[in-house]
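Q: Quick check, what structure comes out for this input:
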Amino acid sequence: MIRRLGSVQAGSSPVLYQGSAQALCLLDTATELLMVRRDFRAALETCERGLESVAGFPEQEDLCSFRYGEVKAALCIIGIQALAELNKWRVVLEWVLQYYGAPEKMSAKIMQMCILLYTKVEESSIILESGGDWLKSPANQSLPGFGTVAELYLLHVLIPLGRFTEAESLAGNSAAFSEEQRHLALEIVECKREESRPKSPPESSQGEDSTNSTDPNPVTQRFQVMVRLLHRSVLVVRKGLYSFPFQKVALAAVLLYLLLLRTDPTLPSAFPWISSLLQMFRQMWDAMFAPYYRANISH
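A: Numbers count the residues shown, from 1 in each chain. Predicted coordinates for the structure are as follows:
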């Protein structure tokens, strides 16, 4: 394809022919440096020399305009790839604009490449303004790649940045989409908008959480058995009320609970077990002290 671009229309200016031949030669060299030798810095410098060689030529003939536009775009694409390999992706847009002057003058292929590059590095905001200017240009709306740019801009720039209103406007008013594509794009925008809204946990899930938190496990069952045995022991030694170390036993039970279950008492999931433990302690207290209080009241 590169060699085909080198064909020159009969009657073209020798200066234009010389510039075209030089630019094509530099394009071939830059491609080899990038793809074969993997010398990215040399490839970038070669692209810059090629872009400078075509910068001063006026676009007088249709064929020449097409040829120089394609060569210029090809050199920029190689340069973008070299900058990305050199980890200089932050300056890609600035580097391209110094040869095109304005975003809307960039070719569709270069705009597509810039969108994909900044999407990959998760910096879509860098291309937000330039991409919007490119799509708004009437001259670009008739280009073959306009639809692809609009699709990439909507999916990879507007939606990830939360620009849902602008995305709806682009999908609904742009001629880049067919009727079916427009409906699909609007559905995607609405779906992403719903996903971005904060959601409160449903009541059913809270009920399930509480149910799951009360599901017994072997350690919990063992602890409950221990507490029940302690309760029975209290009933047995109730006659020796004043000699029974109730506070020490209660403290030991709580420590066993925390050590065995490794549960943070402040967590909501621990509330059912703490409530169960408290209920057992109340039963133990009633078993030990209720007769004493009833005896005092009767007196």
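
Q: Roughly how far does S124 sit from L135?
A: From S124 across to L135, the span is 15 Å (C-beta to C-beta, to the nearest Å). For glycine as for every other residue, the C-beta is placed from the backbone atoms N, C-alpha and C.

Q: swap in C25?
A: Distance, C25 to L135, by C-beta to C-beta: 35 Å.

Q: the more surrounded of these two?
A: Neighbour totals were compared for C25 and L135, and L135 leads with 20 against 15 (other C-beta atoms under 10 Å).

Q: Now do the contacts for the more buried one.
A: Q141, F146, V149, A150, Y153, L170, S174 (C-beta atoms under 8 Å, 6 or more residues apart in numbering).

Q: How many neighbouring residues does the first one have?
A: Looking back up the chat, that one is Q141. Neighbour number of Q141 under other C-beta under 10 Å is 14.

Q: quick one: which of the contacts of L135 is nearest L97?
A: Of all the contacts of L135, V149 has the smallest distance to L97: 16.3 Å, by C-beta to C-beta.

Q: Name the helix or strand of the chain that has the lowest mean pLDDT.
A: helix 203-213 (a mean of 48; mean pLDDT, DSSP states H and E).

Q: for the record, mean pLDDT for the helix or strand harbouring E70?
A: Taking DSSP states H and E as the definition, E70 sits inside helix 62-85. Mean pLDDT, computed over helix 62-85, is 81.

Q: just stretch 21-34 next, same as before
A: Mean predicted lDDT for stretch 21-34 stands at 90.

Q: contact partners of that stretch?
A: For stretch 21-34, the surrounding residues in contact (C-beta under 8 Å, 6+ apart) are 2-3, 5-6, 39-40, 42-43, 46-47, 49-50, 53-54, 68, 71-72, 74-75, 78-79, 81-82, 85.

Q: On the three-state scheme, N140 is what?
A: Look at N140: counting by DSSP: H, G, I helix; E, B strand; the rest coil, its state is coil.

Q: didn't it look like it was pressed against F146?
A: Yes: using C-beta atoms under 8 Å, N140 makes contact with F146 at a distance of 5.8 Å.

Q: where do the contact lists of these two overlap?
A: With C-beta under 8 Å, 6+ apart as the test, N140 and F146 both reach A108.

Q: just for this structure, where's the confidence low?
A: Within the chain, the segments meeting pLDDT under 70 span 1-20, 56-67, 200-299.

Q: go with 80
A: 1-21, 55-68, 174, 199-299 (pLDDT under 80).

Q: ok, which stretches of it are helices?
A: 14-35, 40-55, 62-85, 92-100, 108-120, 128-136, 146-153, 164-173, 179-196, 203-213, 218-236, 246-261, 271-298 (DSSP state H).

Q: what about the closest residue to R182 other than its chain neighbours, neighbour count?
A: Distance criterion C-beta to C-beta, 6 or more residues apart in numbering; nearest residue to R182, sequence neighbours excluded, is A171 at 5.7 Å. Per other C-beta under 10 Å, the neighbour tally for A171 reads 23.

Q: now the one 4 residues further on
A: A count of nearby residues for A175, using other C-beta under 10 Å, gives 11.

Q: cool, A21 as well?
A: Here the number of neighbours of A21 (other C-beta under 10 Å) works out to 13.

Q: what does S178 give?
A: The burial count for S178: 10, using other C-beta under 10 Å.

Q: And the one 10 residues further on, by the same measure?
A: I188 is surrounded by 15 other residues when neighbours are defined as other C-beta under 10 Å.

Q: Pop out the phi and psi values for S107.
A: S107 adopts backbone torsions of phi -80, psi 160, taken as degrees, to the nearest 10.

Q: Grab the nearest non-local neighbour of it.
A: A73 (4.3 Å).

Q: next one: L143
A: Nearest residue to L143 in three dimensions, chain neighbours excluded: A108, at 5.0 Å (C-beta to C-beta, 6+ apart).

Q: What subset of the contacts of stretch 21-34 is buried?
A: By neighbour count, with 16 or more other C-beta atoms under 10 Å, the contacts of stretch 21-34 hold 5-6, 39-40, 42-43, 46-47, 50, 53-54, 68, 71-72, 74-75, 78-79, 81-82, 85 as buried.

Q: Touching, S174 and V149? I think so.
A: No: counting by C-beta under 8 Å, S174 does not reach V149; the two are 10.3 Å apart.

Q: of the two, who's got more company?
A: More crowded of S174 and V149, by other C-beta under 10 Å: V149, with 23 against 19.
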